[in-house]
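> no sequence on this one, just coordinates:
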């Protein structure tokens with residue numbers, strides 16, 4: 001029986017913070033709850049039992065959908 005080799009899937013890295021910057025305002029868009037500070041969007045995510053806020057890219061002033069859970073690694077800043 002031949003041994004199957006698993007495909008290596010590269011995961012993206014996301015910047016995250018434990019606390020939101022001053023002036024963060026709740027922002028709902030397409031069924032997701034974000035926080036907005038100026039042009040930046042943050043999405044709450046559970047990481048090692050704590051809530052962190054990951055940076056979300058924006059497109060024409062609107063946040064992109066958050067990435068699926070487990071599809072990225074978190075770098076805390």
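Yep, it's here. Computed from a prediction, not measured in an experiment: that's the story for all the values here.
> How about the contacts made by the residue nearest in space to the middle of the chain?
Computing the C-alpha centroid of the chain and ranking residues by C-alpha atoms, centre = their mean puts residue 54 first, at 3.9 Å. The contact partners of residue 54, by C-beta atoms under 8 Å, 6 or more residues apart in numbering, come to 14-16, 42-43, 45, 66, 72, 74. Backbone N, C-alpha and C define where each C-beta goes, glycine included.
> what ranges do the strands span in this protein?
Remark: strands assigned in the chain by DSSP state E are 12-17, 25-29, 32-37, 40-47, 50-56, 58-59, 62-63, 72-76.
> These into JSON lines, with extra columns for mean pLDDT?
Output for the strands of the chain, formatted as JSON lines (pLDDT from 0 to 100):
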{"stretch": "strand 12-17", "mean pLDDT": "90"}
{"stretch": "strand 25-29", "mean pLDDT": "97"}
{"stretch": "strand 32-37", "mean pLDDT": "97"}
{"stretch": "strand 40-47", "mean pLDDT": "95"}
{"stretch": "strand 50-56", "mean pLDDT": "95"}
{"stretch": "strand 58-59", "mean pLDDT": "92"}
{"stretch": "strand 62-63", "mean pLDDT": "96"}
{"stretch": "strand 72-76", "mean pLDDT": "90"}
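> Distance of residue 63 relative to residue 49?
Distance, residue 63 to residue 49, using C-beta to C-beta, to the nearest Å: 25 Å.
> which parts of stretch 59-77 are buried?
Within stretch 59-77, the residues that qualify as buried are 63, 66-67, 72, counting by 16 or more other C-beta atoms under 10 Å.
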